[in-house]
Every structure is written in C-alpha cells, then in structure tokens.
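Chemist: I need the structure of the sequence given here:
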Amino acid sequence: MREKHLRIFFFITILLWLKTYVAYRIEFSLGIDNKLQEFLLFLNPLSSALFFLGIALLFKGKLQSALFVTINFLMSFLLYANIVYYRFFNDFITVPVVMQTKTNGGQLGDSALSLMSPFDIFYFIDTIILAVFVIKKWYNPSKTVSRKPAKYILMAAIITFIINLGLAETDRPELLTRSFDRNYLVKYLGAYNFSVYDVIQNAQSASQRALADSNDITEVENYIKAHYAAPNPVYFGKAKGMNVIYISLESLQTFILDYKLNGQEVTPFLNSLAHDGKTFYFDNIINQTGQGKTSDAEFIMENSLYPMSQGSVFVTKAQNTLQASPAILKTHGYTSAAFHGNYKTFWNRNEMYRSIGYDQFFDAEYYEMSEENTKNYGMKDKPFFTESMPLLESLPQPFYTKFITLSNHFPFKMDEGDTDFPAAETNDKVVNQYFQSAHYMDQAIEQFFNDLKKSGLYDNTVIVMYGDHYGISENHNDAMAEIIGKEITPFEYARNLQRVPVFIHVPGVDGGVQHQLGGQVDVRPTLLHLLGIDTKDYLEIGSDLLSKNHREVIPFRNGDFVSPKYTQVDEKCYLNETGELVDGAACEPLAEQAKTELQMSDNIVYKDLLRFYRPDGFVPINRNDYQYIKKAVTPVSGANTGNVE
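Modeler: Coordinates of the predicted model:
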C-alpha cells in the first residue's frame, strides 16, 4: 500500500512539475538567453512541487488525501491565476494584487473572462486525475503510514532549491536583492517560489514603516534637493490662480496620435490640440506605472513619486501621510474635487482621496448609471462628461479637479451605436477594437472642451490631459507590428510603445510640440511651476519638463530606463539611434542613477517618511476631515473667478 500511494504521489508531482514548465513556455515571455536559464526554467517547479505536496505526506489517512488534493488544487489555481493575469498585464500576481481584488471585486470580471479559454482546463488536469484517484480510493493511505518518506522528500525539495538558487546566482548575482523585475524572479526561481518570496517581501515592507524614524528622511531630502530643477522664468506663474482640470485618458498611447486608419484620423480632436501652437503637447513621456495601472498614474500625477514595485499604493498605503497637489493648492485658496463614473470603493479611492485631500468626490452615486450609460467599468465617457458639467460648475473657484475616463479600457469593445469608426483589420480583436474606443474617447474630450467654453470656465482653466498607462500589452505585438509597420523588438516596445501623451493647455500661453524626454513623475512640478508655486521645498522625484535643468534619465518601475542616448530593457543596453545592443558598460551609470531615484521614492512610500517632514507654509492633511457621503449639489452664486493666492 505504501509503495502504491508513493507511486501516485510522484506521478502527480511530475505532472504538476511538467504542467508548470509547459505554462512557462506557452504563457509567459520570460526572456531565456542561454542554456543555463533554460535548465533553471525546467528545474525550478520541481522544488516547489516536492515541498508543498510533500507536506501532505506528514499526515495520515483521509487527512493526507484531503491535503494532497487541496494543495495540488491551490498550486494549480495559483498558476492559472498568474496565467490569466499575465495575459493582459504581462506581470505576476503579488500579495498586494490579491488585496486589490478584494477592493475591486466583481468589477474586473468581464476583462478576466475575455482572457480565459476552454483549453485552459489543461492547467487542472493533474488535479482532476488526483481527485479521481481519491474518489475511487486508488489513493488511500493507511492510518499507520510512516513519515520517513515525507522527511526525505522535503529534504530533497530543499536541496533542489539550494542548487537552483546557487545556479541562478551564478547567472544573475544578487538576484533577491537587486532586481525590481518579477520576470527575473519567476524565470530563475519559479512562480511558486516567487509567491513565497513575495509574502516575505510584503511582511518586510510592513515592518519598514514601524521601524522608520525622522532620521530616515535626511538622506532622501539631501538627494532630492541636490537634484532640484529650478522653474523656467519664461513660464513660471503664467497660470497663477487659474482653475486646474486633470483628465486621465484611459489606456491612451502616443502612437495613436496622428495615426490614420483607412485614411481617417483616430483622434482628430487631440491631434488638433497637439498642433494648434496654443497647447503644450509632450510626445516623449514614458509610462511609469506598476501593477496599480490607473491608480498608479493618479498617484504619480498627484505626488511626483513612483508607485510601489508590487501592488497599488492606493490599496496598501492609503493611510500614508502625503503632500499631494490638492493639499498644496489648498493653502493657496483652492478647493478640490475628483470625478469618476464608478463607485468610490473601486481602487480604494474613497480612502486614498482622504490622504490626498480632495474636498469632494463625485462618484457613481452622482451619475445616472443606466445600462445605456455604462460599460463594465462604469460610466461611458460622453454621458460622464455631460453629467459632470453641473457638478463642476457648482464648485467655488479656483478649483483643482480630476476626471477619470473609462471607455477606452481593455478589451475595448464598444456597444452598438456608440461609434461608427471602423475597427482595424488585423487578426487580433483587442487591437482592432482599440481604435474604435480611442476615437470615442476623442469625441468625448472634444464635447467636454466645447461645454467648458460654453460655461465660461475654459478661459480661466489649465487643462492637463495624460495617458495613464499602455493599452496594448506586448502579448499583442504581432498585430501591433502590422499597425506601426515594423518589428516590435524589446527596445521598440519599451522606447516607443510605452510612451503616453501629455497635454497642458494654459489660456493665453503659447505651447507647441515638446520633444524633451520625460516621465509621468515630471508632470506635477511642471504644473505647480506654471501656477507660480515653487516646488524646491517639497520632496518630489520629478523635475519640471519646461526647466532648463530638466533631468532626462527616466526609470521604469522595474528598474529599466530610457535616456536620450541609451535605453535599458531587461538589463540589456540599446543605442537609441539604431535600436541595436551595445556594451552594457554604457548603461551602468545611468542604471545606477535610475535605481537610486527609485530607491529614494520607495523610502518615502514604504516608510511613510512624509509624516516626519513639513515644508514651510504647508498645512498637513487631516484624513478625518474628509468623508465622501453623497450630498445635494447647489450652484455657486457669485463664485470668485479671478486669481486667488
């Protein structure tokens, strides 16, 4: 009997091992560069399979059977969850992502279902076989089974892992301390071992805040102030006292600006702004979001800090002390409000906005959320802007506001009648639909601009629009190669397809197309300097895009970077002029600069260091002052429309 149940144990273990390896090859793009990496990719599921399934062998009888099935199912489910998540995000699930699922539960369902396939039953084949063995009592361990085999198996698992880690360290030194990129960890250690590592990392992160004190802020403050970029005197204060409207352009990438599909402009209105000479259009801004995507972009824009390497700041650090734009402008006479056609709990906004300092949050409760007006993520853009206008006009001026669009969201399917713009004609439905939803959003933005002009707000309002993150992931590179007419190499994807558009319209100020390289983190200091607020005393990472001293080494959240001459992707160095690989030594000092910048920001965020720092004149936010409960909206009569300082 003992030999029979051990034979079944090893059979299921081998199935789990091989199934995981097949998933690595089919589902994930892990960048295998040599035979050692290929061997490690094959080896790394083995230690996890032996160890976790081996735990069941420590128990006897029916409990062993139940644990064996349960552990196998949980490992299979974890693998499959990563597969579905990776199909869109090109990333792996972390503990904070699981916490986000609790926050955003149910509202991501349609996107998840669109990423599943009936053939995915393959990823549970071993679980199904094992369940049959248990039900048929072919796997029926005795109540007197010895625990010696379990101890040997667990020991073998540990030895296998040590060998695995040792080989990984020879190919990628300091793997567990240097890498910001989860792809590396999964490639070398495996998806299951990565999850264990992630749990440990998150426990350490939680302890960082508890152990931090006021001395930790000194290094960060010295670094940031040493890299401060003074405002350009030509533009400083040109928007002083004006209203501010931010518009998050969901999933909009720069490649689509000026793009014509079958002779038709996809975004004719945004194109007109880019070339009217009256709007600053930054065409070389790099997306710097992490796993939090739209919420990460909000965090970056409001704080000029980087998001977390894992999960979303909005979910895991919502209680942090912040010095965000609404709080800074409050001391200059501004009121603030956020507008979003989804419910306030989505992405934990109702909690995070309390730390940011928004006076009002107009969420789905303020909108007509009819079936005709909504998609799976909330309010469609056109009715959203239409119904937002009276809410906006109710605010005392000057105001700082943010509008979050939703329609141009994966999988980009439009409801019948919402657009007559044609789909693209590749073999990829997601890419084809992207052009239709982007065109719809462009029309909605034009509608909103026209309404602002009719209301009289346009002439005294700075409008900042930004693409929040990529819309088309590298899983769709074949179709995108057809669209842009060239092969999409890792360099091309990072350097060009990670660009997102940024527009800043300041009434009465000439703009034009701006080619300087920047990141999303640079938008806040640019705006505050236009408003006449010097950021030299604030702890922010970005630098003014219009400053003569603007910095142009732009880190991605995973530690790669783009600079004017070189781009680093997966720790490979490319020459921008040709896109060809060059000696990595050329990128080393720039990589160190990017790493240091990310570390300074992480110190602030993970350790909650702003609780120890107060700039002169800044009044800290008290989260208890903000409770987003629906109340009647009444127009403001005789509201001040002039400059307020």
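
Chemist: C-alpha only now, for contacts and for neighbours.
Modeler: Noted.

Chemist: what's in contact with stretch 423-440?
Modeler: When contacts are defined by C-alpha atoms under 8 Å, 6 or more residues apart in numbering, stretch 423-440 is touched by residues 252, 261, 266-267, 407-414, 418-422, 472, 476, 479-480, 482.

Chemist: how about that stretch: buried residues?
Modeler: Judged by neighbour count using 16 or more other C-alpha atoms under 10 Å, the buried positions of stretch 423-440 are 423-424, 429-440.

Chemist: and those, which two are the farthest apart?
Modeler: Checked with C-alpha to C-alpha, the buried residues of stretch 423-440 reach their widest spread between Lys429 and Tyr440, with 17.1 Å between them.

Chemist: could you find the closest non-adjacent residue to the most centrally placed residue in the chain?
Modeler: Central residue of the chain (C-alpha atoms, centre = their mean): Lys293, 2.6 Å from the mean position. Leaving aside its sequence neighbours, Lys293 sits nearest to His469 (C-alpha to C-alpha, 6 or more residues apart in numbering; 6.2 Å).

Chemist: sorry, back to before: now the buried residues of stretch 423-440 as TSV including pLDDT, secondary structure and distance to Glu219?
Modeler: As requested, those are exported to TSV (pLDDT from 0 to 100; DSSP: H, G, I helix; E, B strand; the rest coil; distance: C-alpha to C-alpha, whole Å):
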residue	pLDDT	secondary structure	distance to Glu219
Ala423	95	coil	52
Ala424	95	coil	51
Lys429	94	helix	49
Val430	93	helix	46
Val431	95	helix	45
Asn432	96	helix	49
Gln433	96	helix	48
Tyr434	96	helix	44
Phe435	97	helix	46
Gln436	97	helix	48
Ser437	97	helix	46
Ala438	97	helix	43
His439	98	helix	46
Tyr440	97	helix	47
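
Chemist: which residues in the stretch 151-300 of the chain form strands?
Modeler: Taking DSSP state E, counting those that start in this stretch as the criterion, the stretch 151-300 of the chain contains strands spanning 243-249, 260-261, 264-265, 279-282, 285-286.

Chemist: give the other helices and strands that the last one contacts.
Modeler: Pointing back at strand 285-286 there. Helices and strands in packing contact with strand 285-286 are listed as strand 518-519; criterion 3 or more C-alpha pairs under 8 Å, 6 or more residues apart in numbering; DSSP states H and E.

Chemist: residues in contact with the strand it packs on?
Modeler: Under the criterion C-alpha under 8 Å, 6+ apart, residues Asn284, Ile285, Ile286, Asn287, Gln288, Gly542, Leu545, Arg551, Glu552, Val553, Ile554, Pro555 lie in contact with strand 518-519.

Chemist: buried among these? Make that a ChimeraX selection.
Modeler: Buried subset of the contacts of strand 518-519, written as a ChimeraX selection, criterion 16+ other C-alpha under 10 Å:
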select :284,285,286,287,288,542,545,551,552,553,554,555
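
Chemist: between the contacts of strand 518-519, which is nearest Leu189?
Modeler: Pro555 (25.1 Å).

Chemist: give the contact list for that closest one.
Modeler: Gln288, Gly519, Phe561, Val562, Ala594, Lys595, Leu598.

Chemist: what's the burial count for Gln520?
Modeler: Here the number of neighbours of Gln520 (other C-alpha atoms under 10 Å) works out to 28.

Chemist: quick check: it vs Leu273, distance?
Modeler: As judged by C-alpha to C-alpha, to the nearest Å, Gln520 and Leu273 stand 19 Å apart.
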